[in-house]
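1. Quick one: sequence and predicted model below, then my questions.
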Amino acid sequence: MALLQRTQTLRRTLSGARWLTTAHCQLMARPQSSVDSELLSEVVRPPRAREVPKLSREDLDKRAKIAKEWSRQCMRENNAHMKRIHQVIRERDAALATLKQLSPHLYQQAFVVDPTPFPLELYHPTETPAIPGFEARSSAEDD
């Protein structure tokens, strides 16, 4: 009974693995001492669709350079994005400071939360282009 419960638990836990069969779950549900770890790893590991190609040292170096350059590019984009965010925050704070000097009442109103929902208007195609040679049935034909 305990083996069946462990099998069901493993099945639920690993439900995303489509290649996992009931036999795999039963093998995994057994006590660890009764299962050879190499056998378990061979059974549980999904089959590879193709062989991993052996890469030359030049190819590995080239891929490492590409990965490093990609990392640098992502870092530059992130830094630029953060810089824009900080600039907007500084401008917002300057505008609020100016508003506080000009009108304390408007400054207080700037922090009041508006509970009305933001107007949402979605535009999507409601008609499709005509299909050449297609004739729609009239409603009289449906009756």
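-> Perfect, thanks for sending it.
2. what helices or strands is the longest helix seen in the chain leaning on?
-> Secondary structure of the chain per DSSP state H: the longest helix is helix 57-102. Applying 3 or more C-beta pairs under 8 Å, 6 or more residues apart in numbering; DSSP states H and E, one finds that helix 57-102 contacts helix 104-109. Where C-beta positions appear, they are placed from N, C-alpha and C, glycine not excepted.
3. Distance of Ser56 relative to Thr98?
-> Noted for Ser56: a distance of 63 Å to Thr98, by C-beta to C-beta, to the nearest Å.
4. whoops, I mixed them up, Ala80
-> Distance, Ala80 to Thr98, by C-beta to C-beta: 27 Å.
5. Could you check which of Ser56 and Thr98 is surrounded by more residues?
-> Per other C-beta atoms under 10 Å, whichever of Ser56 and Thr98 has more neighbours is Thr98, with 11 against 8.
6. pLDDT on the longest helix of the chain, on average?
-> On average, the pLDDT along helix 57-102 is 96.
7. Convert stretch 118-138 to PDB, retaining C-alpha atoms only.
-> Output of stretch 118-138 as PDB, limited to C-alpha atoms (Å, rounded to 0.1, in the frame of the first residue of the first chain):
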ATOM      1  CA  PHE A 118      -8.800  53.200 -15.900                       C
ATOM      2  CA  PRO A 119     -10.800  53.300 -19.200                       C
ATOM      3  CA  LEU A 120     -10.000  50.300 -21.200                       C
ATOM      4  CA  GLU A 121     -10.700  50.300 -24.900                       C
ATOM      5  CA  LEU A 122      -9.600  47.300 -26.900                       C
ATOM      6  CA  TYR A 123      -9.700  47.400 -30.700                       C
ATOM      7  CA  HIS A 124      -9.500  44.200 -32.600                       C
ATOM      8  CA  PRO A 125     -10.500  43.100 -36.000                       C
ATOM      9  CA  THR A 126     -14.200  42.200 -36.200                       C
ATOM     10  CA  GLU A 127     -14.300  41.300 -39.900                       C
ATOM     11  CA  THR A 128     -12.000  39.100 -41.900                       C
ATOM     12  CA  PRO A 129     -11.100  39.700 -45.600                       C
ATOM     13  CA  ALA A 130     -13.300  38.000 -48.100                       C
ATOM     14  CA  ILE A 131     -12.300  34.500 -49.200                       C
ATOM     15  CA  PRO A 132     -12.300  34.200 -53.000                       C
ATOM     16  CA  GLY A 133     -15.000  31.900 -54.200                       C
ATOM     17  CA  PHE A 134     -16.800  31.700 -50.900                       C
ATOM     18  CA  GLU A 135     -20.600  32.400 -50.800                       C
ATOM     19  CA  ALA A 136     -22.200  32.700 -47.400                       C
ATOM     20  CA  ARG A 137     -25.500  31.100 -46.800                       C
ATOM     21  CA  SER A 138     -28.400  33.400 -46.300                       C
END
